[in-house]
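Engineer: Sequence first, then the predicted structure, then my questions.
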Amino acid sequence: MTLETANYGATGKRGRFRAKGAGKPDLYDEVTARIIAELEEGRAPWAQPWGTSDAKAGLGLPENALTGRTYSGVNILILWHHVVRAGFSTQTWLTYRQAQEMGGNVMKGERGVTACHADTFIPKAERERAARDGDEPGHVPFLKRFTLFNVEQCEGLPEDAYFCAAPLPQADIIPHAERLIEATGADVRVGGTKAFYVPSEDFIRVPPQPAFSEQINYYRTCFHELGHWTGHKARLDRDLSHSFGSKPYAREELVAEMASAFVCATLGITPTVRHTDYIGSWLEVLKEDNRAIFRAASHASKAADFILAFRKDETKAEASS
C-alpha cells in the first residue's frame with residue numbers, strides 16, 4: 001500500500017543524546033534494537049498477533065488506569081510488546097505511585113516496563129551564548145525514562161481498574177469503521193487493483209472489499225492510505241514529495257503502517273495482513289538512525305489521532321439527530 005510519487009522526508013543523523021541517568025544504556029538504541037530484532041524475524045511489532053494464543057489481551061491501545069489516557073508514539077510499541085510477551089490480559093498500566101494513589105500497590109517481585117517521554121533542555125553554555133548573541137537558545141532533545149506496571153502486576157486496586165474490553169467479533173462489514181472513513185471527508189475512490197494515495201490530487205484509491213482474500217484487511221488498507229492522507233499540507237503537513245524506493249519514502253510508509261495499526265486497535269479491528277514488502281527498507285532506515293522509530297511512531301500517533309477525531313464529530317451528529 002503506497003503513496004504515488006510521495007512520502008515523508010524526515011531526515012536527521014543518528015542521534016546520541018542519552019536519556020537522563022548516568023551510566024544507563026541509550027534508550028534510543030535499546031528500543032530501536034528491539035524493533036530491528038522483531039523485523040528481522042519477520043514480525044512487525046505494531047501488528048501484534050491479537051486473537052491468537054500469544055495475545056490474551058483484547059485489541060486496543062494501551063492506557064493509563066488512573067487517568068484513562070492512552071499512551072502514544074513509541075510507547076504503544078513498547079507496551080504492546082510486553083503485553084504479548086508476558087501474556088497479560090489487560091492493556092492498562094500504572095506507575096508505582098499511581099498504584100498507591102488508587103489504593104493498591106505493585107506486588108512484590110514484579111518488574112516494570114521502561115517507557116519514555118521526549119523532552120528538551122537548554123545547556124548552560126547555550127543559554128549564555130544566546131544571551132550574548134541576542135537570539136533564541138538551541139534546545140537539546142533527550143528522553144526521560146519512567147517505569148510502568150500492568151494492572152495485573154498490582155493488588156488492591158479498584159475492580160474497574162482490571163477491566164479489559166472483549167475483542168470485536170469478526171465481520172465482513174464493520175459499520176463503525178465505515179462511518180469513520182466517511183466522516184473524514186477524504187476522497188476515497190473504490191476500484192482497481194491497487195491501493196495508493198495521490199498527494200497532488202488529494203485522493204485515495206483502494207480496491208473493492210471483495211477483492212481482498214480476507215475482507216477484514218480492506219479496513220487496514222483504508223486506514224493505511226488515510227494515514228498518508230493526514231500528511232497533506234492542509235492537514236499535518238509532512239513532506240510527501242519523495243519517490244518510491246527512497247529512505248524518506250520508507251519512513252512515510254512506516255508512519256502510515258503504524259497509524260493504521262493504531263486506528264484499527266482503537267476500533268477493535270484485527271486485520272491479518274502484515275505488509276512485509278517494506279520490512280527490508282524499514283530495517284535499513286532503523287539500523288542507520290536510532291531515532292527513526294521514535295519519530296515515525298510520534299507521527300503515526302498524530303496521524304491516528306487526526307483520523308480518530310472524526311469519531312467525535314460523528315457522535316455529536318448522532319446525538320443531535
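Structural biologist: Nice, thanks for sending it over.
Engineer: so where's the stretch 1-150 of the chain uncertain?
Structural biologist: Scanning the stretch 1-150 of the chain for pLDDT under 70 picks out 1-25, 48-54.
Engineer: Strands along that one, start to end?
Structural biologist: With DSSP state E, counting those that start in this stretch as the criterion, the stretch 1-150 of the chain has strands at 2-3, 63-64, 92-94, 105-106, 113-121, 140-150.
Engineer: Highest mean neighbour count out of the ones you listed?
Structural biologist: strand 92-94 (a mean of 26; mean count of other Cβ atoms under 10 Å). To be clear about C-beta, it is placed using only N, CA and C from the backbone, and glycine gets the same treatment.
Engineer: The residue nearest to Ser298 when sequence neighbours are not counted: neighbouring residues, count only.
Structural biologist: Counting by Cβ to Cβ, 6 or more residues apart in numbering, the nearest residue to Ser298 once its immediate chain neighbours are dropped is Gly73, at 4.4 Å. Close neighbours of Gly73, defined as other Cβ atoms under 10 Å, add up to 23.
Engineer: Equivalent analysis for Lys124, please.
Structural biologist: 8.
Engineer: before we move on, what about the one 4 residues further on?
Structural biologist: Other residues within reach of Glu128 by the criterion other Cβ under 10 Å amount to 11.
Engineer: ditto for Lys247
Structural biologist: Count around Lys247 with other Cβ under 10 Å applied: 18.
Engineer: That one contacts Leu283, doesn't it?
Structural biologist: No: using Cβ atoms under 8 Å as the test, Lys247 is too far from Leu283 to be in contact (11.5 Å).
Engineer: ok so, going back, can you redo the strands of the stretch 1-150 of the chain as CSV with distance to Val198?
Structural biologist: Below are those laid out as CSV (distance: least, Cβ to Cβ, whole Å):
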stretch, distance to Val198
strand 2-3, 8
strand 63-64, 35
strand 92-94, 40
strand 105-106, 50
strand 113-121, 32
strand 140-150, 34
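Engineer: Could you double-check that the residue nearest to Ser298 sits in contact with Ala303?
Structural biologist: No: look at Gly73 against Ala303 with Cβ under 8 Å: they stay out of range, at 11.3 Å.
Engineer: what's near enough to touch the closest residue to Asp237 other than its chain neighbours?
Structural biologist: Once flanking residues are discounted, Asp237 sits nearest to Gly231: 7.3 Å by Cβ to Cβ, 6+ apart. Gly231 makes contact with Tyr8, Pro199, Asp237, Arg238, Asp239, Leu240, Glu252, Val255, Ala303 under the criterion Cβ atoms under 8 Å, 6 or more residues apart in numbering.
Engineer: Let's verify Gly231: helix, strand, or coil?
Structural biologist: The three-state label given to Gly231 by DSSP: H, G, I helix; E, B strand; the rest coil is coil.
Engineer: Could you give the backbone dihedrals for it?
Structural biologist: phi -80, psi -10 (degrees, to the nearest 10).
Engineer: Show the end-to-end separation of stretch 145-160, please.
Structural biologist: This stretch, stretch 145-160, spans 27 Å end to end (Cα to Cα, to the nearest Å).
Engineer: can you list contacts of that stretch?
Structural biologist: In contact with stretch 145-160 (Cβ under 8 Å, 6+ apart) are residues 19-21, 24, 27, 65, 79, 82-83, 86, 88-90, 92-96, 99, 102-107, 110, 112-117, 161-162.
Engineer: just stretch 301-308 next, same as before
Structural biologist: 72-73, 76, 180, 184, 223, 226-227, 230-231, 235-236, 255-256, 259, 262-263, 266.
Engineer: buried residues in it?
Structural biologist: Ser301, Lys302, Ala303, Ala304, Asp305, Phe306, Ile307, Leu308 (16 or more other Cβ atoms under 10 Å).
Engineer: Noted, bye for now.
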